[in-house]
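Engineer: Here is a sequence with its predicted model. Questions after.
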Amino acid sequence: MRFLLDDEQRAFARTLDGVLKAADTPAVARAWAAGDHAPGAAVWRRLAEAGVFTLAAPEEYEGAGQLPVDTAVAFVELGRHAVPGPLVETVAAAALLTRLAALGVPGPAKRLLPSLVTGEARATLALPGTGPYVLDADAASLVLAVDAGRVRLAPGHARVRASLDPARRLARPLPGGEVLAAGPAVEEAARCALRWAALTTAAQCLGVGCALLDRTVTYVRQRTQFGVPVGSFQAVKHRLAEVLVGLEFARPLVFGAAVSLGDEEAWGDVAAAKVCAAESAYRSARAALQLHGAIGYTSEYDISLWLLKARALRGAWGGTSQWRARAVPPPT
Amino acid sequence: MDLDFTPEEEQFRLRARAWLAAHVPRAPLPSLETEEGFAAHRAWEGTLAADRWSVVSWPEEFGGQGADLVKWLLFEEEYYAAGAPGRVSQNGISLLAPTLFDHGTPEQRARVLPPMARGEVVWAQAWSEPEAGSDLASLRSTARRAPGGWRLSGQKTWSSRAAFADRAFGLFRSDPRAERPHHGLAYVMFPLDAPGVTIRPIGRLDGRPAFAEVFLDDVFVPDDDVIGAPGDGWRIAMSTTGDERGLALRSPGRFLATADRLVRLWHAHGDPSDTALRDRVADAVIGARAYQLFTWANASRSAAGEKLGAESSLNKVFWSEYDIAVHEAALDLLGADGELTDDGERLPPRPPDASSPDPTSPDRTSPDPTSPDPAPTDPAPWTEGYVFSLAGPIYAGTNEIQRDIIAERLLGLPKGRR
Ligand SMILES: Cc1cc2nc3c(=O)[nH]c(=O)nc-3n(C[C@H](O)[C@H](O)[C@H](O)COP(=O)(O)OP(=O)(O)OC[C@H]3O[C@@H](n4cnc5c(N)ncnc54)[C@H](O)[C@@H]3O)c2cc1C
């Protein structure tokens, strides 16, 4: 048992951190929110070069083999830097197509996976039971929907609606379009895609929570009131200590879920990761807002980019109660 | 990154499981906060020790198996899954022993550790005083130089299990002229039946004498019973508090077993439409898993040579709050029976159905009909566990103090006024 990232995985995190810092992701997120997808597309290309989209696809489709732990490492960084776009959706779509291929329906994977893996295409995806919307359909080249036992390539999307996170936009996929796959394999592939979506969302939440905590710690050390840093007040310290406890116990759940993701029956770990990471990121957001005072409550200050994302991700792919239900089998 | 155990570790786990299945008493022992229960628990320590299971992580020469951290964690999982009794020797094993391994003399180790491992000498921790709780360094009890040793005077309090224990270890002011309160403290071991020692048991919340006051009136201890240099007590004591807050006190096995019992209680009596309560059951399962994985991550870090420090404060806050939440959920599930402290009338079990776990499965999360692990619907273990859990945020350094440590040492926030 070695429940520890290896040197390569740590180096991967550092590389992504460097790439994203250089890309000025807060500015990218603001542009994305304003409907300008060009800077986001540039970041997307750099992430693709770093291999982020190869991690959910097998080698025969230009992937790196399915590597959930490395994927989780990447999504923590994506969350830490508030990178916008249908990132989770693209990875979940890749997992869906990969699973379909493994179940004997290779056509859609052959056709669509290589472009997702190289970053040429962005996908967005709706899965059964997790809400009617797809994320950022206006910025995606593929709109996939799984419903009524079929995987469809939707012909487009209805009106794009604003999320409370300005960098997210939601739309219903239009009905009809090409049916890529149907039959019993679809249901299983959708379950697999949902596990990948939950894992990557949980990892993203962890990153969001850590970014909020880091920024808040920096802020309260430097902001003074009553002649001392506000970070020296115990009420402030204890609140941040609680946030760290929450995040540090969510982290092993996220990586534990990554390790057991391949196990068809293992919903427990991924459910635990989704619930715990979402809740602890949300608590981090609440503390961050409170401890920044009024400055935290402005859209001008960058912390707003993470604050509302924490709330949006908490409900994405099913809310915490839905995932808690998956963590314990019900009494009958 | 993996969660796979080596064949050797798996073998160790199975060996522990088989031993426990053969030896864990069929009926739960009486509470260890009673004289009768204390004796029964002491005998259980002896049974464990006879086959080297009382201190698996110690070197063989002191009665252990030289097991590494991972094996110790596996043993603890098996221990609690088997419903084995609580450990009356815990204070000695988790606090004094690591101190002796790090700071004791070979003579002290040879003299103190084997009888501790066998449960023949049960140790109490005598740190707190009436005026020195969170601010432990302000303690006033004294050690005065005497020919061949020291004379202890003063008063200690809240000393767990001191009502029935044999010996105690604690801090005493050996140099009243030291400039700072943390200096000039001696770390001393002393017998609880020595002339000059008076013990007054104190009833905890439910009246059981779980801790005691210890009055010391000119009690002689030889030099051999001072650990380290006489003025170095604070540093020595602090070097082992991490053990108290962290793993040694609460390994994940205990909470995994409790979460498992809670799920069984939920299956037996949960109202499927009460999703609020279901969510709390889920949080208990999630929390136990988080604690287990957090511990494994730390075990991996420590195996990779990293030194763990203030992280034990994260641990302490997590398990103590968790323990209360699990027991609260259980009491709420039990409804009116959640205030009973005896097992007199049991709730009628729900009829078995296809969804109940298969008792023949090797998976340890299934109920084992031969295990003394109490039926999850018996209120007494839950109410007793609840009362015990309430103290968690207070002992081993209050959670307020732990949050200070987390904020200052892990987050780097400025020190405030204490
Ligand atoms: C069940 C149980 C078993 C125990 N067993 C032992 C034992 O075996 N041996 C032993 O030596 N001791 C034992 N203790 C004592 C325990 O270590 C102390 O109770 C603990 O250190 C707190 O001290 P206190 O009770 O004097 O509370 P105080 O220190 O008086 O604290 C009272 C309250 O004020 C808060 N407070 C104090 N200082 C600060 C601060 N700087 N910032 C914020 N809040 C603060 C505390 O957190 C607490 O909430 C036990 C206690 C319990 C409940």
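Structural biologist: That came through fine.
Engineer: For residue 278, give me its contacts.
Structural biologist: In the absence of a named chain, chain A is used. If you count contacts by CB atoms under 8 Å, 6 or more residues apart in numbering or on different chains, residue A:278 has them with A:201-202, A:205, A:313-314, A:320. Where C-beta positions appear, they are placed from N, C-alpha and C, glycine not excepted.
Engineer: Chain B is the one I meant
Structural biologist: Contacts for residue B:278 (CB under 8 Å, 6+ apart) come out as A:324-325, A:328, A:330, B:266, B:270, B:272.
Engineer: neighbours around the nearest residue to residue A:137 once chain neighbours are set aside, how many?
Structural biologist: Leaving out its chain neighbours, the residue that sits closest to residue A:137 by CB to CB, 6 or more residues apart in numbering or on different chains is residue A:157, at 3.7 Å. By the criterion of other CB atoms under 10 Å in any protein chain shown, residue A:157 has 22 neighbours.
Engineer: One more: residue A:208?
Structural biologist: 32.
Engineer: go on, residue A:15?
Structural biologist: Around residue A:15 there are 14 residues (other CB under 10 Å).
Engineer: I'd guessed it sits against residue A:50; true?
Structural biologist: Yes. Contact criterion CB atoms under 8 Å: residue A:15 and residue A:50 qualify, at 6.0 Å.
Engineer: sorry, back to before: out of the contacts of residue B:278, who's the most crowded?
Structural biologist: The most crowded member of the contacts of residue B:278, judged by other CB under 10 Å, is residue B:266 (27 neighbours).
Engineer: Which residues are in contact with the nearest residue to that one once chain neighbours are set aside?
Structural biologist: Spatial nearest neighbour of residue B:266, excluding adjacent residues (CB to CB, 6+ apart): residue B:281 at 4.6 Å. Each residue near residue B:281 by CB under 8 Å, 6+ apart is listed here: A:328, B:262-263, B:266, B:270, B:329, B:333.
Engineer: Out of the residues you listed, which is nearest to the ligand?
Structural biologist: residue B:329 (21.6 Å; CB to the nearest ligand atom).
Engineer: ok, now how distant is that closest one from residue B:341?
Structural biologist: Noted for residue B:329: a distance of 18 Å to residue B:341, by CB to CB, to the nearest Å.
Engineer: Which stretches in chain A count as strands?
Structural biologist: All strands of chain A, identified by DSSP state E, fall at A:123-126, A:134-135, A:142-147, A:150-153, A:161-162, A:169-171, A:178-182, A:224-225, A:228-229.
Engineer: Which among these is found nearest to the ligand?
Structural biologist: Checking the strands of chain A against the ligand by CB to the nearest ligand atom gives strand A:228-229 as the closest, at 15.9 Å.
Engineer: Compute the number of surrounding residues for residue 145.
Structural biologist: Going with chain A. If you count neighbours by other CB under 10 Å, residue A:145 ends up with 23.
Engineer: wrong chain, I was asking about chain B
Structural biologist: Residues contacting residue B:145 under the criterion other CB under 10 Å number 12.
Engineer: and chain B, what are its domains?
Structural biologist: By the assignment in the TED database, chain B contains the domains B:7-87, B:123-233, B:252-342+B:380-411.
Engineer: ugh, wrong one, chain A
Structural biologist: Taken from the TED database, chain A resolves into A:7-182, A:189-327.
Engineer: coming back round to it: please convert the strands of chain A to a markdown table, extending it with distance to chain B and mean pLDDT.
Structural biologist: Putting those into a markdown table (distance: least, CB to the nearest CB, whole Å; pLDDT from 0 to 100) gives the following:
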| stretch | distance to chain B | mean pLDDT |
| --- | --- | --- |
| strand A:123-126 | 25 | 98 |
| strand A:134-135 | 26 | 98 |
| strand A:142-147 | 26 | 97 |
| strand A:150-153 | 30 | 97 |
| strand A:161-162 | 28 | 94 |
| strand A:169-171 | 26 | 97 |
| strand A:178-182 | 31 | 97 |
| strand A:224-225 | 10 | 96 |
| strand A:228-229 | 5 | 96 |
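Engineer: Can you point out the buried residues in the helix or strand where residue B:9 lies?
Structural biologist: Per DSSP states H and E, residue B:9 falls inside helix B:7-23. Across helix B:7-23, burial judged by 16 or more other CB atoms under 10 Å in any protein chain shown covers B:9, B:12-13, B:16-17, B:19-20.
Engineer: Helix or strand next in line after that helix, which one?
Structural biologist: Per DSSP H and E, the first helix or strand lying C-terminal to helix B:7-23 is helix B:35-50.
Engineer: chain center to that following helix: distance?
Structural biologist: Put simply, helix B:35-50 sits 16 Å off its chain's centre (CA atoms, centre = their mean, to the nearest Å).
Engineer: between the next helix-or-strand element following that helix and helix B:35-50, how many degrees?
Structural biologist: Remark: after helix B:35-50, the chain's next helix or strand is helix B:69-81, criterion DSSP H and E. For helix B:69-81 against helix B:35-50, the angle by axes from the mean of the first three to the mean of the last three CA atoms, to 10 degrees is 140 degrees.
Engineer: Show the contacting residues for the residue nearest to residue A:92 when sequence neighbours are not counted.
Structural biologist: Here the nearest residue to residue A:92 in space, its sequence neighbours aside, is residue A:197; by CB to CB, 6+ apart that works out to 4.0 Å. Applying CB under 8 Å, 6+ apart to residue A:197 gives the contacts A:88-89, A:91-92, A:125, A:127, A:130, A:317.
Engineer: at 7 Å instead, please
Structural biologist: When contacts are counted by CB atoms under 7 Å, 6 or more residues apart in numbering or on different chains, residue A:197 touches A:88, A:92, A:127, A:317.
Engineer: So for the third one, what's the pLDDT?
Structural biologist: At residue A:127 the predicted local distance difference test score is 97.
Engineer: for it, what are its contacts?
Structural biologist: A:146, A:190, A:193-194, A:197.
Engineer: Apart from its neighbours in sequence, what residue is nearest the most centrally placed residue in chain B?
Structural biologist: Nearest to the geometric centre of chain B sits residue B:249, at 3.5 Å (CA atoms, centre = their mean). Leaving aside its sequence neighbours, residue B:249 sits nearest to residue B:94 (CB to CB, 6+ apart; 5.5 Å).
Engineer: Ok, residue A:31 next?
Structural biologist: Distances taken as CB to CB, 6+ apart place residue A:39 nearest to residue A:31, at 4.7 Å, with adjacent residues excluded.
Engineer: With residue A:313 instead?
Structural biologist: Leaving aside its chain neighbours, residue A:313 sits nearest to residue A:205 (5.1 Å; criterion: CB to CB, 6+ apart).
Engineer: Compute the distance between the one you found and residue A:317, please.
Structural biologist: 11 Å.
Engineer: And these two? Which one has more around it.
Structural biologist: More neighbours surround residue A:205 than the other of residue A:205 and residue A:317, with 32 against 24 (other CB under 10 Å).
Engineer: List the contacts of that one.
Structural biologist: Counting by CB under 7 Å, 6+ apart, residue A:205 makes contact with A:79, A:277-278, A:281, A:310, A:313.
Engineer: Just give me the closest of these to chain B.
Structural biologist: Using CB to the nearest CB, residue A:277 is the member of the contacts of residue A:205 that sits closest to chain B, with 10.3 Å.
Engineer: how many neighbours does the closest one have?
Structural biologist: Neighbour count of residue A:277, defined by other CB under 10 Å: 33.
Engineer: Model confidence score at it, please.
Structural biologist: Listed pLDDT for residue A:277 reads 98.
Engineer: Kindly report the same for the one 4 residues further on.
Structural biologist: In the prediction, the pLDDT value recorded for residue A:281 is 98.
Engineer: Leaving out chain neighbours, which residue sits closest to it?
Structural biologist: Of all residues not flanking residue A:281 in the chain, residue A:209 sits nearest, at 3.4 Å (CB to CB, 6+ apart).
Engineer: List the contacts of that neighbour.
Structural biologist: A:247, A:280-281, A:284, A:310.
Engineer: Quick check: the farthest pair among those residues?
Structural biologist: Distances among the contacts of residue A:209 were taken as CB to CB; the most separated pair is A:247 and A:310, at 11.6 Å.
Engineer: neighbour count winner among those two?
Structural biologist: Ranked by neighbour count (other CB under 10 Å), residue A:247 and residue A:310 place residue A:310 first, with 27 against 23.
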